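Engineer: Kindly return the folded structure for what I paste below:
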Amino acid sequence: MVISADGVDDVTLHGGMGGTGRLVISGKVKGWYGHPDLKVSTSARSMADGNHDVEDSSVHYGPRTLTIPVAAVAEARAEAIGLAQSLDAMGHRVVDVRLVEDGTAPDVVPVDGMAVDGDVLSLDAAPVTMGDGGHDTWCSGYLRTEWDDRHAPDGALVGSVTVVCPDPHRYSTLAHVGYMTPAIHGLGGLEFGPKPSGLGGTIATGVLGYPLTYGPAAEGASSACTLTNAGTDVAYPTIVASGSMPGGFAVTDRATGAQVAYGAPVGSQPVAIDCRARTASVNGVDVTLYLTQRHFPRVQPGGGISLALIAEGIGGVAVEVRDTYI
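Structural biologist: Just a heads-up that it's a prediction; the model follows:
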């Protein structure tokens, strides 16, 4: 497990080790898997059994709270305190907690001849394999550390880290990214006359003839992408447009026709649309008022979405989505 925050060094909590001088996960991490507390309000039926029905859209969860037992194991007391303080230094900051699950999770963690079972260091605890994994996910929150050396021998500190994550979702470290480019000349769509008809003769100016032909910009542009979500909850993409698009841009869900559109020019600074927060920003400045269509795309768990770009100019639009778990 890795805990990171701006302004301080990353801290790694090891699941096992062959020496001292490290912070070690000393027991079971609580709160990582499974749902956080429910926050669903219901009212009792006055003339019937039970409560009134609840719709899917009313089922919500509270923050995710992680409890991580840790041990700072070192040969010297001062070194153990220094390890503990590397975690303490993350106070007053928002932290990212990343857990790499490689398929085995020991119930107790051997530490240089010792093992930690609960909060007591012992010599006879044995690791227990807990099945397949392979997930690499992270969540964000703020933390509190507690240290208790009553059960620890010299050179070690035993404690816990509590992380409260306002957003209860876990996100995959690996992102799915799709790129789309606008047509350079107009929308690069259908070509009108004058031009050869392909069947002999010439098509008059402004007339659309058959067989249909398309401009070179449309043929060279990649104006669509498909993204997937292998998680257990709805994933919301992040859309970033950069380059020069004087008329703005629109991203359309090809299955439903729903569209999110930005009506102002895209220039020297990229435009970022956060579909979860339903906001748009340029260099940290809120520009949500320039959104002319607000049907934000979303990717259902275990599903995918196909998007298409409508824009004029040069540059590109990157759409990023991460597998989302609850």
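Engineer: Can you work out which other helices and strands pack against the helix or strand containing residue 98?
Structural biologist: Assigned by DSSP states H and E, residue 98 belongs to strand 95-100. Secondary-structure packing of strand 95-100 (3 or more CB pairs under 8 Å, 6 or more residues apart in numbering; DSSP states H and E): strand 2-4, strand 136-148, strand 156-165. Just so you know, the C-beta spots here come from the backbone N, C-alpha and C atoms, and that holds for glycine as well.
Engineer: Please work out which of those strands is packed deepest.
Structural biologist: Mean neighbour count (mean count of other CB atoms under 10 Å) peaks for strand 156-165 among those, with a mean of 21.
Engineer: so where is the stretch 151-300 of the chain shaky, pLDDT-wise?
Structural biologist: Counting by pLDDT under 70, the stretch 151-300 of the chain shows low-confidence ranges at 151-154, 183-222.
Engineer: which stretches of it form strands?
Structural biologist: Shown for the stretch 151-300 of the chain, the strands assigned by DSSP state E, counting those that start in this stretch span residues 156-165, 170-180, 195-196, 202-203, 224-229, 238-244, 249-253, 259-262, 271-274, 279-282, 285-286, 291-294.
Engineer: so what strands line up beside the fifth one?
Structural biologist: Read that as strand 224-229. Note on strand 224-229: by DSSP bridges, its sheet partners are strand 303-311 (antiparallel).
Engineer: do you know how far residue 305 is from residue 137?
Structural biologist: The gap separating residue 305 from residue 137 is 21 Å, by CB to CB, to the nearest Å.
Engineer: how far away is residue 267 from residue 314?
Structural biologist: Per CB to CB, residue 267 is found 12 Å from residue 314.
Engineer: for the residue lying closest to residue 312 once chain neighbours are set aside, what are its contacts?
Structural biologist: Nearest residue to residue 312, sequence neighbours excluded (CB to CB, 6 or more residues apart in numbering): residue 247, at 5.4 Å. Residues counted as contacts of residue 247 (CB atoms under 8 Å, 6 or more residues apart in numbering) are 265, 311, 312, 313.
Engineer: Pull the contacting residues for the residue nearest to residue 3 when sequence neighbours are not counted.
Structural biologist: Spatially, and ignoring its direct neighbours in sequence, residue 3 is nearest to residue 11 (4.8 Å; CB to CB, 6+ apart). By CB under 8 Å, 6+ apart, the contact set of residue 11 is 2, 3, 4, 23, 86, 87, 90.
Engineer: Next, count neighbours for the closest residue in space to residue 313 that isn't next to it in sequence.
Structural biologist: Residue nearest to residue 313 in three dimensions, not counting chain neighbours: residue 245, with 3.9 Å by CB to CB, 6+ apart. Residue 245 has 23 neighbouring residues, counting by other CB atoms under 10 Å.
Engineer: who touches residue 245 in this structure?
Structural biologist: Residue 245 makes contact with 182, 265, 266, 311, 312, 313, 314, 315, according to CB under 8 Å, 6+ apart.
Engineer: Repeat the analysis, applying 6 Å as the threshold.
Structural biologist: By CB atoms under 6 Å, 6 or more residues apart in numbering, the residues touching residue 245 are 266, 311, 313.
Engineer: of those, closest to residue 47?
Structural biologist: Checking those against residue 47 by CB to CB gives residue 311 as the nearest, at 57.2 Å.
Engineer: Report the beta-bridge partners for the closest one.
Structural biologist: Counting by DSSP bridges, residue 311 is bridged to residue 249.
Engineer: again, but for residue 262
Structural biologist: Counting by DSSP bridges, residue 262 forms beta bridges with residue 249, residue 291.
Engineer: do the same with residue 299
Structural biologist: Residues in beta-bridge contact with residue 299 (DSSP bridges): residue 235.
Engineer: so who does it touch?
Structural biologist: Per CB under 6 Å, 6+ apart, neighbours of residue 299: 229, 235, 305, 321.
Engineer: Report how many residues lie close to the last one.
Structural biologist: Spelled out, that is residue 321. Quick note: residue 321 (other CB under 10 Å) scores 26 neighbours.
Engineer: doesn't it fall inside a strand?
Structural biologist: Yes. Assessed by DSSP: H, G, I helix; E, B strand; the rest coil, residue 321 belongs to a strand.
Engineer: Please report the distance of it from residue 304.
Structural biologist: To residue 304, residue 321 is 10 Å away according to CB to CB.
Engineer: where do the contact lists of the two overlap?
Structural biologist: Taking CB under 6 Å, 6+ apart as the contact definition, residue 321 and residue 304 share no neighbouring residue.
Engineer: hmm, back to that, show the buried residues in the contacts of residue 247.
Structural biologist: 311, 312, 313 (16 or more other CB atoms under 10 Å).
Engineer: Tell me the one of those nearest residue 55?
Structural biologist: Residue 55 lies nearest to residue 311 out of these, by CB to CB, at 36.9 Å.
Engineer: Report the contact partners of that closest one.
Structural biologist: Residues near residue 311 by CB under 6 Å, 6+ apart: 182, 245, 249.
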